[in-house]
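Novice: Build me a model from this:
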Amino acid sequence: MMLYPTTAEFAAGAALDLVIGDPAWLPHPVQAIGFLVHRLEELLRRIPFERVAGSILTVVVVTATFGSVAMTLRWGGFPVAVYWIFSCLAVRSLDQHAVRVIQALRAGDSGQARTLVGQMVGRDTGDMSEPDIIRAVFETVAENMSDGIVAPLFFLVLFGIPGMVTYKAINTMDSMMGYKNDRYIRFGWASARLDDVANYVPARLTAAFIVVAAAILRLRWRSAVATIVRDARSQPSPNAGYPEAALAGALGVRLGGLNYYFGRPVQKPFLGDPVDELRWNRFPDVRWLMYLVSAMSYALVGIWLHVR
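Specialist: Residues are numbered from 1 along each chain as shown. So this is what the prediction gives:
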C-alpha cells in the first residue's frame, strides 16, 4: 500500500486545487469529519468527565481518519490520491474568499464586505470598520498560508496522504471545539492542544517562507524578520502569531488589536508597526506573498517526492 503519492499524483492534486478550488458540488472530507465530530460529541457528552470525553473523541477521529484514508488508497489508485491531495489544499479557495471581500470594499459596499469576511473568520463582523475588515482579511490569509498550504504539505511529507488528511481532521476539530467558553473549555481541551502541537513547526516554516517571498518581491523582509522575533510570541495562540507577524512586517502595517467574539471584546497584542495604513490596495502584495509561499512549498515537496 502506497501512502505517499507519486510526483504526478501530487502535481495533479495541487494543480486541480489551483484551477477549481473547492466547488460546492464536490463532496469535501471536512464535511464528513465535521459530521463525525458532531455525532461523537452527542454520544460522548454522556460521560461526566469532559476532558476524558473530549480526549476520546480526538483519538477516535484521528485514528478513524488515518485508517480510512489509508484503506481508500489501497484500492483507489491515481484518482483517489489526487482527490485527497486536492481536497486538503486551499490556495484557490482562500484567494477567492479574500478577493471577494476586497472587491466589495473597492466598490464601496462595506455591508457586503462585512458579510463576506464573516465567512472567513470566527470573530464578530457586524460592526467592523473598513480597516478592521482589511485587517481580518490579511490576518486570515497569513494564518491560512500555514493551515491551508504549508501544514498539510508538512504532514504529507511526514506521514503520507493519510497524515495530510488527518491534519485537516485535527484542524477541523479545533475549529469546532477549540473555543474557550463554558461548553468547550474542557471538552475541547485535547483537540485544541493537539492542534497547537500539529501547527508548531508549520507556522514557523510559513513565517520563514513569507520572509523569503518578501525578499523576492522586494518588500520589507528585514522588517518581517524583526517583527517575527519581537511580536510573534505575544499572541494568545502559540502559532498564529508567526505568519501574521511575518506578513505585518513585510507589508509595514500593524495587525492585531481589538476583536469581538460572541459580543465579547478581546484585545490582542499588536503585530508590526504602522509604517503604512491598512488599505485594500495593499492586497495585491498579500496575494503575491501567498502564491510565492505556495510555489516554494509545492516545489520543495515535489523535489522531495522525486528523490525519495
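Novice: And the residue nearest the centre of the chain?
Specialist: residue 147 (2.5 Å; Cα atoms, centre = their mean).
Novice: quick one: it and residue 199 touch, right?
Specialist: Yes - at 7.1 Å, residue 147 and residue 199 qualify as touching, with contact defined as Cβ atoms under 8 Å. C-beta coordinates here come from the backbone N, C-alpha and C atoms, glycine included.
Novice: just checking, residue 204 touches residue 242?
Specialist: Yes - here residue 204 reaches residue 242: they are 5.3 Å apart, a contact under Cβ under 8 Å.
Novice: Neighbour count for those two, which is higher?
Specialist: Using other Cβ atoms under 10 Å, the more surrounded residue of residue 204 and residue 242 is residue 242, with 29 against 18.
Novice: What's the local residue count around the closest residue to that one other than its chain neighbours?
Specialist: Excluding the flanking residues, the one nearest residue 242 by Cβ to Cβ, 6 or more residues apart in numbering is residue 207, at 4.1 Å. Neighbours of residue 207 under the rule other Cβ under 10 Å: 28.
Novice: what do you get for residue 99?
Specialist: 14.
Novice: who's in contact with it?
Specialist: residue 287 (Cβ atoms under 8 Å, 6 or more residues apart in numbering).
Novice: What distance do you get for it to residue 139?
Specialist: To residue 139, residue 99 is 16 Å away according to Cβ to Cβ, to the nearest Å.
Novice: same check, this time on residue 266
Specialist: Distance, residue 266 to residue 139, by Cβ to Cβ: 13 Å.
Novice: Give me the more crowded residue out of those two.
Specialist: Between residue 266 and residue 139, residue 139 has the larger neighbour count (other Cβ under 10 Å), namely 24 against 13.
Novice: Correct me if wrong: the more buried one contacts residue 244.
Specialist: Yes - here residue 139 lies in contact with residue 244, judged by Cβ under 8 Å, at a distance of 5.4 Å.
Novice: Let's test this: mean pLDDT of stretch 130-146, rounded?
Specialist: Per-residue pLDDT over stretch 130-146 has a mean of 96.
Novice: Check which residues of stretch 255-262 are buried.
Specialist: 255-256, 259 (16 or more other Cβ atoms under 10 Å).
Novice: so how far is that stretch from its chain's centroid?
Specialist: 18 Å (Cα atoms, centre = their mean, to the nearest Å).
Novice: And the contacts of it?
Specialist: Contacts for stretch 255-262 (Cβ under 8 Å, 6+ apart): 122-124, 127, 135, 138-139, 142, 181, 231, 235, 244-245, 247-248, 265-272.
Novice: Residue 270 belongs to a strand?
Specialist: Yes - looking at residue 270 with DSSP: H, G, I helix; E, B strand; the rest coil, it is inside a strand.
Novice: Wait, it touches residue 254, no?
Specialist: Yes - counting by Cβ under 8 Å, residue 270 touches residue 254, with 5.4 Å between them.
Novice: neighbour-wise, which of these two wins?
Specialist: Between residue 270 and residue 254, residue 254 has the larger neighbour count (other Cβ under 10 Å), namely 20 against 15.
Novice: now the closest residue to the more buried one other than its chain neighbours, what's its secondary structure?
Specialist: Of all residues not flanking residue 254 in the chain, residue 274 sits nearest, at 4.2 Å (Cβ to Cβ, 6+ apart). Following three-state DSSP, we place residue 274 in the coil state.
Novice: Residue 274 contacts residue 251, doesn't it?
Specialist: No - assessed by Cβ under 8 Å, residue 274 is found out of contact with residue 251, at 10.5 Å.
Novice: Please state the offset of stretch 249-268 from the chain centre?
Specialist: 17 Å.
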